[in-house]
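S.K.: Provide a 3D model corresponding to the input given below.
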Amino acid sequence: MAIEEVCRIFQEYLRESIPHRLIAISKMEVVEQQCVEELYMPSIRAVTEKDIEQHTFYPNQRRDEVIRNIVKGIVRYAILSHRWCREGEVTLQEMTPDSTKLGKPSSRHKLVNFCQKAAEYGCGFAWADTCCIDRSDPSLEELNKAMPRMFRWYRNAHVCIVYLAESFTLDDFLCDSWFLQSWTLQELLAPVRVKFFGRTWRPIHNTRADNDKADRKLLAALSTGTGIPVQDIQCYWAGTERVREKLMWASRRTSRLVEDGAYSLLALFDVHMNVEYGIGDEAFGRLMEVLLQRSQECDMLAWAGIASTKCVFLPPSAQGYSARYLDESYNPSHDHYGLRGDQDMSVVDGRLRVKLLMVELHEATFGDEIPFLQSGYHACALLPKGLPSNVTMNHVSIVSSNNMPWRPSKLALGVVDYRWTSDDEKGLVEKGRTHFCLLFGADDTQTSWQKLMTDKVVTIKTVDSIRQRLETILM
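M.R.: Sure, this is the predicted structure:
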């Protein structure tokens, strides 16, 4: 007799934890969850109390957790990670029984090979983003529902098959453009089991291993090539901790649509947002506002380059957190910010309110203008001469629009990661420690500071500690 609890957890698992459509590998057709339920229900009904006992591996392990693991072992599906073919992919409409279309030969060949590899892993079903999501819906309702769940779908897959269309071996796989795509970051981190295949559908490395995340040599290469620590590649947990470090991983990647640069990060931070296209870098701004409020990690302000058109305190994309904007001697990701900076900073009507420790530059000059990395902008070196004698600053250039050149008459540094003191109204710049700052400018007619764009994250170092009152800045 079937155990009712097992059947209930099985149905919950189908509804909440796996894709709502899957490819039935035996028929090469996309089917709804009802088909999956019908196929696996006999196996679910066959689960006994003895099975549950045998799958309980430690004392006080929750019964529902044990049953869920049993269900996950029965309901096996493979998931595909890849780059889309330029000539188009097989769509949902082409995977129905009455369809006469077969899609482009290259995309059809890829799908068939993926399903063959999935079957070799003992999977009866498979999922591909090309044909298991209805992209013909102009309302984007299905895409809106799928995006927050994709990380969970990749995590629960029996195996993630990664197809690298431009690579053959371990020697060249890091050059594949798969590593430059925004969406493939979560597809690397979420799965428990991953296998990389090259252009000819042969394994990139170690043909005997069924999980490349268990191969030390490949893991080391992945970590070096992506900048992601090995432990995160092997076992990543979504959340709003270490935000800047994760954004630095994403800064190496790009997306065809500007908005996808933000939407591809939602699951990594376990954040939910409505998907809306046509809003440009506003999508990244919305994500960052949520992350600022939730994490309160002050190093999120340690970025450089062009500012967002909507929020001057944020970059328009994750590229603003690139490692090239950091001096070699300084990496904020290696520091703990639990007792540093303003833990109550907030976004009010699109502006950031934050407490900073301000250090004014009483005199500064500028070098010659040079082109900046992004067209339409130029940079000029800042030559600070008015810093206190015990303070040194890294070499940075101020970035300005060619259409709106501005050289302020007054400059100030706002130290962001000051240390807390017993007085809530004061902060401490520690002796010998490198702190990062925001650069502000003003002219004689202005009563408030304006944040300036810089070509690097601004840092200072002091010979003696500086303890002084904090100022609330609105930018």
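S.K.: Point to the helix or strand of this protein where mean pLDDT is at its lowest.
M.R.: Least confident helix or strand, the chain: strand 364-371 with a mean of 80, by mean pLDDT, DSSP states H and E.
S.K.: Check what contacts that one and list those residues.
M.R.: Applying CB atoms under 8 Å, 6 or more residues apart in numbering, the contact partners of strand 364-371 are 377-386, 397-398, 407, 411. All C-beta spots, glycine's among them, are computed from the backbone N, C-alpha and C.
S.K.: Any chance of TSV for the residues you listed, columns pLDDT?
M.R.: Compiled in TSV, those are given as follows (pLDDT from 0 to 100):
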residue	pLDDT
377	89
378	89
379	89
380	89
381	88
382	87
383	82
384	77
385	76
386	74
397	91
398	90
407	76
411	89
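S.K.: May I see those residues organised as CSV, with distance to residue 436, neighbour count and secondary structure added?
M.R.: Formatted as CSV, those follow (distance: CB to CB, whole Å; neighbours: other CB atoms under 10 Å; DSSP: H, G, I helix; E, B strand; the rest coil):
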residue, distance to residue 436, neighbour count, secondary structure
377, 22, 17, strand
378, 24, 17, strand
379, 19, 21, strand
380, 21, 19, strand
381, 19, 15, strand
382, 15, 21, strand
383, 20, 11, strand
384, 16, 19, strand
385, 21, 9, coil
386, 20, 14, coil
397, 16, 20, strand
398, 16, 23, strand
407, 23, 13, coil
411, 16, 23, strand
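S.K.: And what about residue 22, helix, strand or coil?
M.R.: Following DSSP: H, G, I helix; E, B strand; the rest coil, residue 22 is assigned to strand.
S.K.: Residue 79 is in contact with that one, correct?
M.R.: No: taking contacts as CB atoms under 8 Å, residue 22 lies outside contact range of residue 79: 9.6 Å.
S.K.: so what sits against both of the two?
M.R.: Residues touching both residue 22 and residue 79 (CB under 8 Å, 6+ apart): 126, 127.
S.K.: of these two, who's got more company?
M.R.: Per other CB atoms under 10 Å, whichever of residue 22 and residue 79 has more neighbours is residue 79, with 31 against 25.
S.K.: The more buried one touches residue 161, doesn't it?
M.R.: Yes: because the distance of 7.2 Å satisfies CB under 8 Å, residue 79 is recorded as touching residue 161.
S.K.: what comes into contact with the strand or helix carrying residue 284?
M.R.: Remark: residue 284 resides in helix 282-295, with elements defined by DSSP states H and E. Outside helix 282-295, the residues within contact range by CB under 8 Å, 6+ apart are 240-241, 243, 258-259, 261-263, 265-266, 269, 271, 273, 276, 300, 308, 310-311, 314-318, 345-347, 352.
S.K.: Can you list the buried residues in that helix?
M.R.: Within helix 282-295, the residues scored as buried using 16 or more other CB atoms under 10 Å are 282, 283, 284, 285, 286, 287, 288, 289, 290, 291, 292, 295.
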